[in-house]
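> Need coordinates for the below:
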Amino acid sequence: MRTLMAVGVVLMLATPALAAKPCDELKAEIEAKLKAKGVEGYSLEIVANDDVKDQTVVGSCDGGTKKIVYKREK
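I've put the predicted structure just below:
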């Protein structure tokens, strides 16, 4: 439940105003927020829009051409 709440907070980052940020910068910001919330055992990956399948998108970057996806590790 705590992880889902943290991911929900991070999902709010996926706004058009932030889409212009470079992906590495936005990914670092998301990682810092997740770490501050105590979230562990996850990975963030930068993917092209067309490569997003059944994944949780937590950010949009590089002018909206790429997404940052969250994956819970086992």
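> For I46, what is the enclosing helix or strand?
strand 42-48 (DSSP states H and E).
> same question for the next helix or strand after that strand, mean pLDDT?
Past strand 42-48, further along toward the C-terminus, the next helix or strand under DSSP H and E is strand 56-61. Mean pLDDT, strand 56-61: 95.
> Just the buried residues of the next helix or strand after strand 56-61, please?
The C-terminal neighbour of strand 56-61 among helices and strands, as given by DSSP H and E, is strand 66-72. Burial within strand 66-72, assessed by neighbour count using 16 or more other CB atoms under 10 Å, is assigned to 66-70. Heads up, the C-betas are built off the backbone N, CA and C, glycines and all.
> picking up where we left off before, return the list of helices and strands in contact with the strand holding I46.
Secondary structure elements in contact with strand 42-48, counted by 3 or more CB pairs under 8 Å, 6 or more residues apart in numbering; DSSP states H and E, are helix 23-36, strand 66-72.
> If we use 10 Å, what do you get?
Other elements packing on strand 42-48 under the criterion 3 or more CB pairs under 10 Å, 6 or more residues apart in numbering; DSSP states H and E are helix 2-11, helix 23-36, strand 56-61, strand 66-72.
> okay, those in a markdown table with distance to L44 next?
Shown next, in a markdown table, are the helices and strands packed on strand 42-48 (distance: least, CB to CB, whole Å):
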| stretch | distance to L44 |
| --- | --- |
| helix 2-11 | 9 |
| helix 23-36 | 6 |
| strand 56-61 | 7 |
| strand 66-72 | 6 |
